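1. coordinates only, no sequence provided:
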Ligand SMILES: Nc1ncnc2c1ncn2[C@@H]1O[C@H](COP(=O)(O)OP(=O)(O)OP(=O)(O)O)[C@@H](O)[C@H]1O
């Protein structure tokens, strides 16, 4: 590591802290992720074969892993350096992003996803913090979570923000795949337009409730498999009619709304693939999509002119605060319903059995995030105080009584083989498809940890 000058800590994630550093020999600026867990041998560094395959992942919109170093039992990943992450760009911003900016970012991310998915990998933890930006280039980062899920204490617990988590994962499906990334992208796209999370659930139960309140509860027509999943774990969806997304995202056009709506479909099968998303009219004016990334099902367009449509109108609409309605309400006005887009909701992570150190850091970082912090609502309990909807509590209680174990017994599905979650280093392990054995519970919640 003496080859590098560590300049500044730029990120503190669950598994590692990230430093901006300079390679003394070449002068190159890099990002070095120092893993928190110690690795006492190379064998312990999971499958280095898999590290090799990550290094083979070569796409302009995937953050490049340059080197893996183990020194004094500490594992370091050397990545290309990116200026900031999308969450940092959004958190203190007053003015909405232009449609052209959102389009440009999303187009790039979908290209990376098409590349990854085609190769049998999916990310599974897409969120604004994992999308890194330098100027107008965006890249997907943080492929390490899945690997860490399988490692030993103190990193045994699955830690991830739930706001971008697909319903099939929330309902503990064993069979989720690359469409979980498409769901996350729908939520991220909406957030880019409004600067507010689309589904800011304060627990897993509340997450499902939030989703129902926005896109309407699933029916046998919209997601028959989901109803089965829910039945298997004895869960009853709260009943909401949902709202038209244009009411929640007034600052954009029908194409964007249509894309977000299809990405945030209950049924993973109804979500477009990344390759199909690239063919959506929303991206009509975007850069050329390489034929290898085009969806076979999609109509192949002639390469449009370079660049995105010029800067489009930017309507800075902000919504008022509100509260989540009861699940007994079957139809609600968007303004009341979608507190999430307007309330200064604190960004949180699902953390189960989190260690005190992490807890402290999380709380510290909350003070840096005024936009998402409702006045005087620092603790999960006070967050819950304002939540009078009985349906939310009902759901929480119901979900709290469920466990993964019960699904294992009742469903007994085989673990699916082909797709690899997270990236390469855990390929071949079926465990990546399983949620860790934490039944859905009203999770302890923490603020996001984002440096700077
Ligand atoms: N290549 C990079 N260039 C610049 N900053 C980076 C880079 N990689 C990561 N970061 C910063 O560090 C933060 C944490 O990195 P990363 O997500 O890889 O860590 P983690 O421990 O896996 O986090 P998580 O808690 O999300 O699982 C990122 O959100 C980002 O702000």
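-> Perfect, I can see it now. Note that the structure is a prediction, hence the values are computed from the model and not measured.

2. give the contact list for residue 190.
-> 198, 245, 248-249, 260, 264 (CB atoms under 8 Å, 6 or more residues apart in numbering). Backbone N, C-alpha and C define where each C-beta goes, glycine included.

3. the same query, at a cut-off of 10 Å, please.
-> 102, 196-199, 214, 245, 248-249, 252, 256-257, 260-261, 263-264, 340-341 (CB atoms under 10 Å, 6 or more residues apart in numbering).

4. break the protein into its domains for me.
-> 4-81+331-359, 84-284 (automatic domain parsing).

5. number of residues surrounding residue 66?
-> Number of residues near residue 66 (other CB atoms under 10 Å) recorded here: 16.

6. quick one: residue 4 and the ligand, what's the gap?
-> 14 Å (CB to the nearest ligand atom, to the nearest Å).

7. same check, this time on residue 11
-> Residue 11 is 2 Å from the ligand, where distance means CB to the nearest ligand atom.

8. related to what we said a few turns ago, kindly reformat the domains of the chain as a markdown table containing distance to residue 292 and mean pLDDT.
-> A markdown table is the format used below for these (distance: least, CB to CB, whole Å; pLDDT from 0 to 100):
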| stretch | distance to residue 292 | mean pLDDT |
| --- | --- | --- |
| domain 4-81+331-359 | 11 | 73 |
| domain 84-284 | 8 | 89 |
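
9. buried deepest among the ones you listed, which one?
-> domain 84-284 (a mean of 21; mean count of other CB atoms under 10 Å).

10. anything in the longest helix seen in the chain near the ligand?
-> Counting residues, the longest helix found in the chain (DSSP state H) is helix 99-118. No: using CB under 6 Å from any ligand atom, helix 99-118 stays clear of the ligand, with a minimum separation of 14.0 Å.

11. helices or strands next to that helix in the packing?
-> With contacts defined as 3 or more CB pairs under 10 Å, 6 or more residues apart in numbering; DSSP states H and E, helix 99-118 has these neighbours: helix 86-91, strand 121-122, strand 131-134, strand 137-140, helix 179-194, helix 254-263, helix 274-278.

12. could you rerun that using 6 Å?
-> Using 3 or more CB pairs under 6 Å, 6 or more residues apart in numbering; DSSP states H and E as the contact test, the elements touching helix 99-118 are strand 137-140, helix 179-194, helix 274-278.

13. what angle separates it from helix 254-263?
-> 30 degrees (axes from the mean of the first three to the mean of the last three CA atoms, to 10 degrees).

14. report the angle between the axes of helix 99-118 and helix 179-194?
-> Using the same axes, to 10 degrees: helix 99-118 against helix 179-194 is 170 degrees.

15. mind putting the helices and strands packed on helix 99-118 into TSV with distance to the ligand?
-> TSV is the format used below for these (distance: least, CB to the nearest ligand atom, whole Å):
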stretch	distance to the ligand
strand 137-140	8
helix 179-194	13
helix 274-278	21
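
16. residue 87 is nearest to which of these?
-> helix 179-194 (9.2 Å; CB to CB).

17. report the separation between the spatially closest residue to residue 119 that is not a sequence neighbour and residue 63.
-> Among residues not flanking residue 119 along the chain, residue 57 sits closest, at 7.7 Å (CB to CB, 6 or more residues apart in numbering). Noted for residue 57: a distance of 9 Å to residue 63, by CB to CB, to the nearest Å.

18. quick one: end-to-end distance for stretch 259-278.
-> One end of stretch 259-278 sits 10 Å from the other (CA to CA, to the nearest Å).

19. what does stretch 269-284 give?
-> Using CA to CA, the end-to-end distance of stretch 269-284 comes out at 23 Å.

20. so where does residue 9 fall, helix or strand?
-> Assigned by DSSP states H and E, residue 9 falls within strand 4-12.

21. how about residues contacting stretch 251-267?
-> 96, 99, 167, 182, 185-186, 189-190, 193, 215, 218, 222-223, 226, 245-246, 271-272, 280-282, 315, 317 (CB atoms under 6 Å, 6 or more residues apart in numbering).

22. picking up where we left off before, and the following helix or strand past the strand holding residue 9, anywhere near the ligand?
-> Next helix or strand after strand 4-12 toward the C-terminus (DSSP H and E): strand 16-23. Yes: under the criterion of CB under 6 Å from any ligand atom, strand 16-23 makes contact with the ligand via 16, 18.
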